[in-house]
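Colleague: After the sequence you'll find the predicted model.
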Amino acid sequence: MSYGEWKSPITLDVVTPDATEISTAAIDRVTGKLFWRSKKPSGQFVICSGDNVSSAVEWTPDGFSAVSRVHEYGGGAFFAHNGEIFFVNKTDQRIYRQSAPEAAPIPITADFGDGKMRYAEGHISSYLNMIVCVREDHTVEGRECVNSVVAIDLLTGDQHILAEGADFYKSIDTCGNKIVFVSWMHPNMPWDDTQVSIGELVLEGKVASAINVKVVHTGASHLQTRLINEEQYLYLCDKTDFWNVWKSSDDEKPLYKSSNEPGFPFGWCFGYPGYDIMSDGIVIGAKAKDGLENLLLVDIDNPQSVLKDLGLLVRNKGYSFGTYTNILCHGKYVYALGIDDPANPLTLLRISLTDDSVFIYNNEAAGKDLLPYISYAESVEFPTTNSEMNAYGFLYRPKNPDYCPGEQEKPPLLLRVHGGPTGMASRSLNMKTQYFTSRGFAVFDVDYRGSSGYGRAFRQALYGKWGVYDIEDAISAAKHLVSQGIVDGNRLTIDGGSAGGYTTMAMMVFQNYFHAGVSYYGVSDLLGLAKHTHKFESQYLTKMIGKLPEEEAIYKERSPLCHASQLQCPIGFFQGSEDFVCPPPQSQELYNAALENGVATFYVEYEGEGHGFRQAKNIQRCVSNEIYFYSKIFGFKLFDETENPPPIKNLANESQ
């Protein structure tokens, strides 16, 4: 039986199992109790606690979902303090307080209507006895939203501005009467140029403020500030090319210099600390290219002094996480989210420094009956059009023990392009990938020039070149795999979401190398994106492409929609109706062009979905409809019946 036609036990139900998925965690610094946020198959995000996921207690009742919409991407939607949880609710963006799992959430902040006042990354300042957090104000129609740092009275909900004037804020921490935070201005993104500020909190009666605020670091990307005490603080900085942890008392060298980057892939997001402080030192989690030195206990007073390799403890227990994030420490325990284990999803774990034990909260690895079908990631480095800079990716070969393909046949390729464009690929267990590989596809996740995780110089290589290097490197990756005899050069497909959707669209319009592609909530009109997207990314393209209006011609030159008449390659589109990052017209208009050009195409819009799909049924439909599309383009017969597939317009073979 040919590649693509294999029967697989990795079904759509396995792709989105009927179970909750952990996304973030938080520690109650007073009680030491661990909480985590899980996504249910319905798309609801709930706060949980307990000894493990299977016996977890859900705190979030029906009708609530812990989701912040600050920066549109959110994050930092909840925290715990003294036995209570505080969370931002998705629909109204108010902060709620909940004293027990059975207790009703009580709103703290006022209702400004339609989520027009948003909050993220909060904690309780013991000095003020108030919530300190980021606030994003959308209350004035026609005005760009205003970001600030505020203190919120726990009883009255009154809000006091602690810092304002910058375009964005994050990584707020307080200790006693000291406050430290990160801010930045347009046109920078948080991985470009940010600044660290420190100041003093003041409480006069019931009015809170911050005084003597001064900028102490600038000129590089600074992230994730933490106060050690009222005199010293830590921060991430990439001034030596890679993000490392630095101490305020030593600007000459980081606490631990490494090419493994703490905090990523989520360092710029709210709520994913790449390190934490404990009495023994600091614990640094990182992405490691070689899988080593990615969770370390480091001496806080002696740079480069590793007290214990915690990643080694975990590896000795049979896990091989390539990345650790969401690092939390309390007492003698270290908590972390492990990523990039090819046989495990995002995993919440606890390490005891007392007895070196490792406890896994969500042991939801692929079932033993599925392990023979799991394709493990192979790291690949391949040449680009720049002879001095290679690019990278993860290869997943077809794997199914029930089939033995002919020696002459090569598998079709699905090349996947991450979002961002300043994102990165992951080798974590992804059952969508396994759905394809267990049916006979090879899958390649590409980290083109501009991706995170390989240093500042690699990341900045995409400046002015988005729509050029991402396309070139995707083609170079595919050519490398074809030249190595790994994939069939006549059956090359590509997909991607958001920025990856743009690369997919551009590939189909400007190049004829790939034979079919599918865009997930992608970008077809770069000028439209620059003019109408949300504040956080409103000037993202200034560095990725060029300044407007001076470089308008380049935007048009690289916009697939401006050259829609050139579209000749089969392409499909998945879109969310409530996507405010890449609104539906970005996909609809290129779909209409495909119809006019006589190109095989389909368009599916999911009601209620935003930028990134969350409902299990819709994720399942995307997977089944995508492989169905490729089967029709290449003429192979799927073993599985596709339920209610989308009509493929302009298909040469009309039998669907």
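Modeller: Everything's here; your move.
Colleague: just how off-centre is stretch 481-490 within its chain?
Modeller: Distance of stretch 481-490 from its chain centroid, counting by CA atoms, centre = their mean, to the nearest Å, is 30 Å.
Colleague: Give me the distance between the two termini of that stretch.
Modeller: 12 Å (CA to CA, to the nearest Å).
Colleague: so where's the protein shaky on pLDDT?
Modeller: 17-20, 263-267, 287-293, 342, 363-367, 653-656 (pLDDT under 70).
Colleague: tell me which element residue 224 falls in.
Modeller: When elements are assigned from DSSP states H and E, residue 224 belongs to strand 222-227.
Colleague: Can you give the contact residues for whatever helix or strand comes next after that strand?
Modeller: Sequence-wise, the next helix or strand downstream of strand 222-227 (DSSP H and E) is strand 233-240. Outside of strand 233-240, the residues within contact range by CB atoms under 8 Å, 6 or more residues apart in numbering are 171, 173, 180, 182, 191, 196, 198, 217, 219-228, 243-248, 254-255, 257, 261-263, 267, 274-275, 277, 282, 455-456. All C-beta atoms are positioned from the backbone trio N, CA, C, and that covers glycine.
Colleague: List the pairing partners of strand 233-240 within its sheet, with orientation.
Modeller: Here strand 233-240 is paired, per DSSP bridges, with strand 222-227 (antiparallel), strand 242-247 (antiparallel).
Colleague: What segments of the chain are helices?
Modeller: Listed in chain order, the helices found in the chain under DSSP state H are 12-15, 310-315, 431-437, 456-460, 469-483, 499-510, 526-532, 540-544, 552-558, 585-597, 616-634.
Colleague: Nearest residue to residue 135 in space, please, no chain neighbours.
Modeller: Nearest residue to residue 135, sequence neighbours excluded (CB to CB, 6 or more residues apart in numbering): residue 150, at 4.5 Å.
Colleague: Give me the buried entries from the contacts of strand 233-240.
Modeller: The neighbour-count test (16 or more other CB atoms under 10 Å) marks 171, 173, 180, 182, 191, 196, 198, 217, 220-228, 243-248, 254-255, 261-263, 267, 274-275, 277, 282, 455-456 as buried among these.
Colleague: Name the nearest residue to residue 448, ignoring sequence neighbours.
Modeller: Closest to residue 448 by CB to CB, 6+ apart is residue 473, at 3.6 Å.
Colleague: For that neighbour, give me its contacts.
Modeller: With CB under 8 Å, 6+ apart, residue 473 has these contacts: 384, 391, 446, 448, 449.
Colleague: for residue 114, same thing?
Modeller: So residue 114 contacts residue 92 (CB under 8 Å, 6+ apart).
Colleague: now it: how far from residue 354?
Modeller: For residue 114, the distance to residue 354 equals 49 Å [CB to CB, to the nearest Å].
Colleague: before we move on, back to that, pull the residues that contact the strand holding residue 224.
Modeller: Outside strand 222-227, the residues touching it (CB under 8 Å, 6+ apart) are 170-175, 178, 180-182, 190, 194-196, 233-237, 243, 262-263, 267-268, 273-277.
Colleague: among the residues you listed, which are in strands?
Modeller: The members of the contacts of strand 222-227 that map onto strands under DSSP state E are 170-175, 178, 180-182, 194-196, 233-237, 243, 262, 275-277.
Colleague: circling back: and the strands paired with strand 233-240: which comes nearest residue 541?
Modeller: Among the strands paired with strand 233-240, strand 222-227 comes nearest to residue 541, with 21.6 Å by CB to CB.
Colleague: May I have the closest one as CSV, with CA atoms only?
Modeller: Written as CSV, here are the backbone C-alpha positions of strand 222-227 (Å, rounded to 0.1, in the frame of the first residue of the first chain):
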residue,chain,number,x,y,z
HIS,A,222,15.6,42.5,28.4
LEU,A,223,13.0,40.1,29.6
GLN,A,224,11.7,38.5,32.8
THR,A,225,12.9,40.7,35.7
ARG,A,226,12.8,39.3,39.3
LEU,A,227,13.8,41.0,42.5
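Colleague: Residue 176 against residue 128, yeah?
Modeller: No: in terms of CB atoms under 8 Å, residue 176 does not count as a neighbour of residue 128; the distance is 10.6 Å.
Colleague: In terms of neighbours, single out the busier of these two.
Modeller: A side-by-side neighbour count of residue 176 and residue 128, using other CB atoms under 10 Å, places residue 128 first with 23 against 14.
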